[in-house]
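In: coordinates only, sequence not included:
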């Protein structure tokens, strides 16, 4: 990255926030491709690349997921969502790898002026959402990332100095 | 991010790779602070910010971790490592949150021309490493991220076009 000011990337990282309120403006094909290309290059345990990505745009799908999954209510207000399909292998490795790729998707959306929010399915919601979107056990969908253009309010929140995080001194220690 | 060319950030994301070979050049305090500041702003389930970060630089610590943890062998060659200390609550949520913050640390290191590699402890290595660096149950250390300046070979690998990932068409599907 010698050709880039590191601060440009560091600022983009620090400013990436969960966004849960979107305008009706669609996400362009170019924006979606850029996000998926970043997701593709994400590292994973032993480079197994365990994920598949299911792009959801159908209004009825998004509304039904919103009804089914209590932590993904706001997906009904997003123009688009990406469901991460995991194979159902080692639970610890999959949750970890999935966190890594979900975070990259958030950052890639934010870098393009979009907003993204990670929603989960839990318990019996998981097979119900799977059935709706054609994912059968042992594969499952834990993460549904809503993506769209943030509303003015959400945008203001994101560009501000930020609140709601503990100071570094509280959780960094030199041994 | 309207003031930044999105492609600068997207490229930094696509080019972030695991690095496991480092020169002897130390990581500066400024570089470390920038990484920890990015980590601080990482999102987590319900914003609980469950992690603590333990900065390891003592050669003897790094060598003993390398001996103890089979997936973290290369930590002995790094000038510095960050151990992520998790509290020992919900296993699925913690692995996911930890994947998110580990990925950010990788990207923040890479953006500064550094390299970083995620190493894990598994099974009985986990309490052994914990005891060594002063982390007691229920808290534990799964992730140890080695950070340093990449060797020439590692740098060449990173700046190349990249290999070893499946094409998008294999794992993206429109519903």
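Out: That came through fine. None of the values given here were measured: they were computed from a predicted structure.

In: Pull the number of nearby residues for the residue lying closest to residue A:136 once chain neighbours are set aside.
Out: Spatial nearest neighbour of residue A:136, chain neighbours left out: residue A:130 (6.5 Å); criterion: CB to CB, 6 or more residues apart in numbering or on different chains. Using the backbone N, CA and C atoms, a C-beta is placed for each residue, glycine as well. Applying other CB atoms under 10 Å in any protein chain shown, we find 18 residues neighbouring residue A:130.

In: right, and residue A:130 touches residue A:140 too?
Out: Yes. With contact defined as CB atoms under 8 Å, residue A:130 reaches residue A:140; the gap is 5.8 Å.

In: okay, the angle between the helix or strand containing residue A:101 and helix B:91-111?
Out: Using DSSP states H and E, residue A:101 sits in helix A:91-111. Angle between the axes of helix A:91-111 and helix B:91-111 is 50 degrees (criterion: axes from the mean of the first three to the mean of the last three CA atoms, to 10 degrees).

In: tilt between the helix-or-strand element of chain A with minimal mean pLDDT and helix A:91-111?
Out: Lowest by mean pLDDT, DSSP states H and E among the helices and strands of chain A is helix A:152-159, with a mean of 78. Interaxial angle, helix A:152-159 versus helix A:91-111 (the same axes, to 10 degrees): 110 degrees.

In: Tell me how far the helix or strand following helix A:152-159 lies from the chain's centre.
Out: On the C-terminal side of helix A:152-159, the nearest following helix or strand under DSSP H and E is strand A:172-174. Centre-to-centre, strand A:172-174 and its host chain are 29 Å apart (CA atoms, centre = their mean, to the nearest Å).

In: Show residues contacting strand A:172-174.
Out: B:36, B:52-55, B:57 (CB atoms under 8 Å, 6 or more residues apart in numbering or on different chains).

In: And the helix holding residue A:101, what's buried?
Out: Of all the residues in helix A:91-111, those buried under the rule 16 or more other CB atoms under 10 Å in any protein chain shown are A:92-111.

In: so which of those are also by chain B?
Out: A:92-93, A:95-104, A:106-108, A:110-111 (CB under 8 Å from any CB of the partner chain).

In: Many thanks, we can stop here.
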